[in-house]
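Asks: Attaching a predicted model along with its sequence, questions to come.
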Amino acid sequence: MPMLNVGIHLNPTPYENGGLRVIPGTHKQGIFKMLFRKKYFVDNDPDKHEIGFDINAGDLSVHDGRLWHRAQQSPFVGEASRRRVMYVPVVTGKYMPKNENSKTPFYHRFISKVNI
């Protein structure tokens, strides 16, 4: 089910410090592109189609949870590299809590087989 990711940014996170990046349109891609365009959850390399944002402390960011999003590693160390964000997922559909019998999503089962 679709969901929204709502980010409450506690630190300024300019693009140069590795701030939020998204690949526009990926929330509407089909299953083929989802499986073969990038290595989902594994490939954190920059993408030629991604765009980044300059975010200030106190800003809210809202994006479709299906949209490919990531943060770049900060080029700084220590306090300058700090990027604290609280994400609140707004989930749609019936409440379905996980338990010890819940199945692992199929794409997580193959993560050890992916060469990066």
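Replies: Looks like it came in fine. Just so we're clear, the structure is a prediction, and the values are computed from it rather than from any experiment.
Asks: Please read off the pLDDT at the most centrally placed residue in the chain from the model.
Replies: With distances taken as Cα atoms, centre = their mean, the residue of the chain nearest its centroid is residue 69 (3.6 Å). If you check residue 69, the pLDDT there is 83.
Asks: How about the contacts made by it?
Replies: Counting by Cβ atoms under 8 Å, 6 or more residues apart in numbering, residue 69 touches 5, 20, 21, 22, 23, 63. Where C-beta positions appear, they are placed from N, C-alpha and C, glycine not excepted.
Asks: Now with 10 Å, please.
Replies: 5, 7, 20, 21, 22, 23, 26, 27, 50, 61, 63 (Cβ atoms under 10 Å, 6 or more residues apart in numbering).
Asks: Now the buried members of those.
Replies: Buried subset of the contacts of residue 69 (neighbour count, 16 or more other Cβ atoms under 10 Å): 5, 7, 20, 21, 22, 23, 26, 50, 61.
Asks: Just the ones in strands from those, please.
Replies: 5, 7, 20, 21, 22, 61 (DSSP state E).
Asks: Among these, which one sits closest to residue 81?
Replies: residue 20 (15.1 Å; Cβ to Cβ).
Asks: what's the burial count for residue 60?
Replies: Burial measure for residue 60: 10 neighbouring residues, criterion other Cβ atoms under 10 Å.
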